[in-house]
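Participant: Sequence first, then the predicted structure:
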Amino acid sequence: MKVCIVGGVAGGATAAARLRRLSEDVEIIIFERTAHVSYANCGLPYYIGGEIAEQETLTLQTPESFRQKFAIDVRTLSEVTGIHPAEKTITVHNLRDDIIYTESYDKLILSPGAKAALPQVSGLDTPNIFTVRTVEDALSIRQFIEERKPKSAVIVGGGFIGLEMAENLVRAGVEPTLLLRGNQVMPPLDADMASGVHSYLRKNCISIRFHESLTGFSADETGLLVHLDGKEPIHTDMAVLAVGVVPDTVLARDAGLSLGAKGSILVNDFLQTSDKDIYAVGDAVTIRNRVSGKEALISLAGPANRQGRWAADNIMGRRRPYRGSAAASVLKLFNMTVAAVGLNEKACREAGIRFDKVVLHPFSHATYYPGAEDMTMKVLFAPADGRILGAQIVGFDGVDKRLDILATAVQAGMTASDLEELDLAYAPPYSSAKDPVNLAGYVIENVRTGLVVQFHHDRIPFIREMEDAVFLDVRTQEEYASGHISGAVHIPSAELRNRIDELDPAKRYFVYCQSGVRSYSSCRILQAYGFKCSHLSGGYQFYAYVYCGECYSPDSCKCVIGN
């Protein structure tokens, strides 16, 4: 059997290696239109910033190593320009020698990936505008920085690549400005969870401009002009376009294969296209969201590699269905970690899934052991049965570990009750006896079983309209003085029982503390005395993240927030 693979990165390279491990008889040819194969797309920004010093470390395999290790024929600078399903052939353009030829196949795997999306604006051919998708892109940017010593850059877009480029440009001595059409970075996060990220970016010398409409680029004697709708242009030395990716599916379309959302390639559970002898994997294919069951485009390296392995298994008769992806992701921003899995609020609404949420601020490990840092954790769940629908975590130490546990929970269909019962490794340097994941389960079950009623920050304007509503701040005097919700009554939680007579049983109390722990306990006290009360999910700490964008640490916030 002869298998041809179009695309030698992630899914394509994985499929080739898996095919060889399953059979010594199959003939395998990889066609890659760039000069590099099996390279680490995700590492490109870190090469640009100098964190990864040597270009060679970006490449996991070379054509020579593929031949030596796997007896696989790898043809770089070879662009497949046509697929002919009826004849079971492809047309290949050898870019090195400018020769066009035809190659036959028994099975074909398409792994063309995605290409950088370009905004529909003028002046994209202006010098010093870059994208970050290939090794060649990274080499060009690093060479530009080393030779031209730019002082400033505009990054259009605030997703994974945009933020990684912002960090690495700072490391390279370039001052970046993020230009965003919307109101947040990192689309996998809800807007409130992104608020802390915004403050941290500013703290690290990265400017952010929200709700900006890019109209084009031009050059003048000072460098590059970035033109905005209704605003003065931004003068900068370079620009990086990081507005996302689009599936690279021209080949599939021209071959008559069925396409789905955004022109992606439709595949069945066995990763076969509408032609049973052609398989497709990676960023170019439509897959199923593991949580919602809906069709999705998920451009992540993990799913692409797994799909390559699954496609190879299916070609070799192992019949292995691919069940989709929960879209687990993680991002490093200087010392901060941003991670998400499953559905956020917007995705739940679009899928018609009923959900509730909790926000908590657990510590990375036992607080009596040095170096404990808190993280902001948001977990979405199904109210009916407590099934975990998604999670988002922003913090420093220990974020990735908790996200991976929650990713497992999401994909296994686990409930909050299951999180409560998880037996996780504990020692003071690594965790607490009540791990953050356990705590998430406890909080959700308290809400689900009616032990406490919670309210969220976005309900505060509506609560203010209620005649019987009173905000009750149960933090210490020092915390209250550092910033509070305007109009709140202040009674520290330690004094609440002794001062209960100061409260009016005819009123409804909306209680908050710094993180949500003391407000929960205070609500339990108030409920025992017959008061109606709710507590603020995530506490004042989360509220300050959302409504006071300049205050990354609410402990130092001097605002009296009246939202």
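Facilitator: That came in fine, so what should we check first?

Participant: Test my guess that residue 262 contacts residue 246.
Facilitator: Yes - proximity of residue 262 to residue 246 meets the contact threshold set by CB atoms under 8 Å, at 6.2 Å. Using the backbone N, CA and C atoms, a C-beta is placed for each residue, glycine as well.

Participant: So between these two, which is more surrounded?
Facilitator: Between residue 262 and residue 246, counting by other CB atoms under 10 Å, residue 246 is the more crowded of the two (18 against 13).

Participant: I'd guessed the more buried one sits against residue 114; true?
Facilitator: Yes - with contact defined as CB under 8 Å, residue 246 reaches residue 114; the gap is 6.0 Å.

Participant: From residue 198, how far out is residue 514?
Facilitator: Look at residue 514 and residue 198: by CB to CB, to the nearest Å, they are 20 Å apart.

Participant: where do the contact lists of residue 262 and residue 246 overlap?
Facilitator: Common contacts of residue 262 and residue 246 (CB atoms under 8 Å, 6 or more residues apart in numbering): none found.

Participant: What segments of the stretch 51-200 of the chain are helices?
Facilitator: Applying DSSP state H, counting those that start in this stretch to the stretch 51-200 of the chain gives helices spanning 63-70, 135-148, 160-171, 191-203.

Participant: hey, which of those helices is tucked in deepest?
Facilitator: Highest mean neighbour count of these: helix 160-171, a mean of 23 (counted as mean count of other CB atoms under 10 Å).

Participant: Report the angle between that helix and helix 191-203.
Facilitator: 20 degrees (axes from the mean of the first three to the mean of the last three CA atoms, to 10 degrees).

Participant: Give me the distance from helix 160-171 to the chain's centre.
Facilitator: 14 Å (CA atoms, centre = their mean, to the nearest Å).

Participant: Same check on stretch 489-507?
Facilitator: On CA atoms, centre = their mean, the centre of stretch 489-507 falls 42 Å from that of its chain.

Participant: Just the C-alphas of that stretch, formatted as CSV.
Facilitator: In CSV, the C-alpha atoms belonging to stretch 489-507 read as follows (Å, rounded to 0.1, in the frame of the first residue of the first chain):
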residue,chain,number,x,y,z
VAL,A,489,-22.7,48.3,55.1
HIS,A,490,-19.5,47.1,56.8
ILE,A,491,-19.5,44.5,59.6
PRO,A,492,-16.4,42.2,59.7
SER,A,493,-17.3,38.5,59.7
ALA,A,494,-15.7,38.0,63.1
GLU,A,495,-18.2,40.5,64.6
LEU,A,496,-21.3,39.4,62.7
ARG,A,497,-22.9,37.2,65.4
ASN,A,498,-22.5,39.9,68.1
ARG,A,499,-23.8,42.6,65.8
ILE,A,500,-26.7,40.8,64.2
ASP,A,501,-29.2,43.2,65.9
GLU,A,502,-27.9,46.0,63.6
LEU,A,503,-29.4,44.2,60.6
ASP,A,504,-33.0,44.5,59.4
PRO,A,505,-34.8,41.2,58.9
ALA,A,506,-37.0,42.8,56.3
LYS,A,507,-34.0,43.5,54.0
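
Participant: Can you pull out the low-pLDDT segments for the protein?
Facilitator: For the chain, the stretches flagged by pLDDT under 70 are 549-563.

Participant: May I have the phi/psi pair for the residue in it sticking out farthest from the centre?
Facilitator: Counting by CA atoms, centre = their mean, the extreme residue of the chain relative to its mean C-alpha position is residue 501, 48.5 Å from that point. Backbone geometry at residue 501, expressed as degrees, to the nearest 10, gives phi -70, psi -10.

Participant: which ones are touching it?
Facilitator: Counted by CB under 8 Å, 6+ apart, residue 501 has zero contacts.

Participant: Kindly recompute the last result at 10 Å.
Facilitator: Neighbour list for residue 501: residue 529 [criterion: CB atoms under 10 Å, 6 or more residues apart in numbering].

Participant: before we move on, back to that, shared neighbours of residue 246 and residue 114, which are they?
Facilitator: Joint contacts of residue 246 and residue 114 (CB under 10 Å, 6+ apart) are 262, 264, 283, 284, 297, 299.

Participant: Name the member of those residues with the most neighbours.
Facilitator: In terms of neighbours by other CB under 10 Å, the shared contacts of residue 246 and residue 114 top out with residue 284 at 30 neighbours.

Participant: Am I right that that one is in contact with residue 261?
Facilitator: No - the criterion here is CB atoms under 10 Å, and residue 284 misses it with residue 261 at 11.6 Å.

Participant: Run through the bridge partners of residue 104.
Facilitator: Note on residue 104: beta-bridge partners residue 89, judged by DSSP bridges.

Participant: Tell me, how many residues neighbour it?
Facilitator: 11.

Participant: What sits closest to residue 420 if chain neighbours are left out?
Facilitator: residue 441 (3.8 Å; CB to CB, 6 or more residues apart in numbering).

Participant: Am I right that the one you found is in a helix?
Facilitator: Yes - assessed with DSSP: H, G, I helix; E, B strand; the rest coil, residue 441 lies in a helix.

Participant: residue contacts, it?
Facilitator: For residue 441, the contacting residues are 358, 379, 381, 386, 388, 409, 414-422, 434-435, by CB under 10 Å, 6+ apart.

Participant: Could you check how far it is from residue 537?
Facilitator: 15 Å.

Participant: How about residue 169?
Facilitator: To residue 537, residue 169 is 36 Å away according to CB to CB.

Participant: again, but for residue 502
Facilitator: The separation that residue 502 has from residue 537, given CB to CB, amounts to 25 Å.

Participant: hang on, the earlier thing: overlap in contacts, residue 284 and residue 261.
Facilitator: By CB under 10 Å, 6+ apart, the residues touching both residue 284 and residue 261 are 247, 297.

Participant: Does residue 112 touch residue 282 like I think?
Facilitator: Yes - with contacts counted by CB under 10 Å, residue 112 reaches residue 282, the gap being 7.6 Å.

Participant: more crowded one of these two?
Facilitator: Between residue 112 and residue 282, counted using other CB under 10 Å, residue 282 has the larger neighbour count: 31 against 25.

Participant: ok, that one touching residue 302?
Facilitator: No - taking contacts as CB under 10 Å, residue 282 lies outside contact range of residue 302: 11.1 Å.

Participant: Give me the common contacts of the two.
Facilitator: residue 10.

Participant: returning to that earlier point: so what sits against both of residue 112 and residue 282?
Facilitator: Going by CB under 10 Å, 6+ apart, residues that sit against residue 112 and also against residue 282 are 7, 9, 11, 12, 247, 248, 265.

Participant: so can I have a markdown table of those showing neighbour count?
Facilitator: What follows is these, written out as a markdown table (neighbours: other CB atoms under 10 Å):
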| residue | neighbour count |
| --- | --- |
| 7 | 30 |
| 9 | 27 |
| 11 | 34 |
| 12 | 27 |
| 247 | 26 |
| 248 | 22 |
| 265 | 28 |
